[in-house]
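**Q** how would this look folded up:
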Amino acid sequence: MKNRKKNIILIQSTIFLVAVSLLYNTYRDKNEETEKLAKVTVEKDSLTNSFNEIEYSGFDLRGNRYVLNADKANFKTETPELINMIGVIANFYFEDNTKLTVISDEGIYNNITLNMKFKENVKATYLTNTLLSNQLDYSNSEGKLFVSGNVRGESIEKGKFFADKGVYNLTNKILDLSMLGSEQVNIKIKN
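**A** Residues are numbered from 1 along each chain as shown. Below is the predicted model:
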């Protein structure tokens with residue numbers, strides 16, 4: 001009878017020590033990780049909040065996932081939904097397992113409507129297609145990308161094009177190009 005009690009106490013003690021060890025190892029570094037995720041710096045202007053190395057992710061109205069990264073970002077306390085960004089990279093993941101990547105020097109993200117504006121040296125890449133422009137606006141409610149200002153692009157299969165503006169429909173993946181005034185869209189088709 002005494003051997004049985006000793007074995008039960010030994011087993012219970014071992015289980016207790018393993019449980020304490022697991023709990024300790026699980027929760028010991030939580031505070032350090034939280035500090036690494038968000039670096040907030042307050043500028044002299046107390047009406048602006050600044051961040052470094054930020055990431056926003058979510059789903060658009062059509063269920064496509066997106067991840068938006070920026071080297072630096074800030075927002076004014078009077079309009080906290082408008083995030084001004086520098087060094088922007090956005091990835092849109094579609095349900096057909098394709099990915100659209102947009103890179104720009106500057107951008108604005110509306111964290112309520114999920115609309116995005118990319119400005120300065122905009123480069124969008126989708127499959128084997130590249131689109132360059134001065135500005136690209138993503139409208140979440142319309143499911144479209146609006147490009148403007150020195151729009152040019154290249155498709156490895158189809159050739160090059162030049163236009164003043166364009167609209168890319170994310171649902172049917174069609175790009176409509178147009179020119180201002182009486183000029184025509186310039187397209188060089190590969191043979």
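
**Q** would you list the phi and psi of residue 7?
**A** Per-residue torsions, residue 7: phi -60, psi -40 (degrees, to the nearest 10).

**Q** in terms of pLDDT, where does it sit?
**A** Residue 7 carries a pLDDT value of 79.

**Q** and residue 30, by the same measure?
**A** 49.

**Q** distance check, residue 74 against residue 105.
**A** 15 Å (C-beta to C-beta, to the nearest Å). In this view, the C-beta of every residue, glycine as well, is placed from N, C-alpha and C.

**Q** the two: which is more packed in?
**A** Taking other C-beta atoms under 10 Å, residue 74 and residue 105 do not tie; residue 74 has more neighbours (18 against 13).

**Q** wait, is that one part of a strand?
**A** Yes - assessed with DSSP: H, G, I helix; E, B strand; the rest coil, residue 74 lies in a strand.

**Q** okay but residue 62 is in contact with residue 171, surely?
**A** Yes - at 6.8 Å, residue 62 and residue 171 qualify as touching, with contact defined as C-beta atoms under 8 Å.

**Q** anything in contact with each of these two?
**A** Common contacts of residue 62 and residue 171, defined by C-beta atoms under 8 Å, 6 or more residues apart in numbering, comprise residue 143.

**Q** before we move on, which element is the residue most central in space within the chain in?
**A** Nearest to the mean C-alpha position of the chain, by C-alpha atoms, centre = their mean, lies residue 68 at 1.5 Å. Element membership of residue 68, judged by DSSP states H and E, is strand 65-76.

**Q** how far off centre is the helix or strand just after that strand?
**A** Once the chain leaves strand 65-76, the next helix or strand it forms, by DSSP H and E, is strand 79-93. Centre-to-centre, strand 79-93 and its host chain are 7 Å apart (C-alpha atoms, centre = their mean, to the nearest Å).

**Q** in strand 79-93, what's buried?
**A** For strand 79-93, burial by neighbour count (16 or more other C-beta atoms under 10 Å) applies to 82-85, 88-92.

**Q** just to revisit the earlier point, flag every buried residue along the strand holding residue 68.
**A** Using 16+ other C-beta under 10 Å as the test for burial, strand 65-76 gives 66, 68-70, 73-75.
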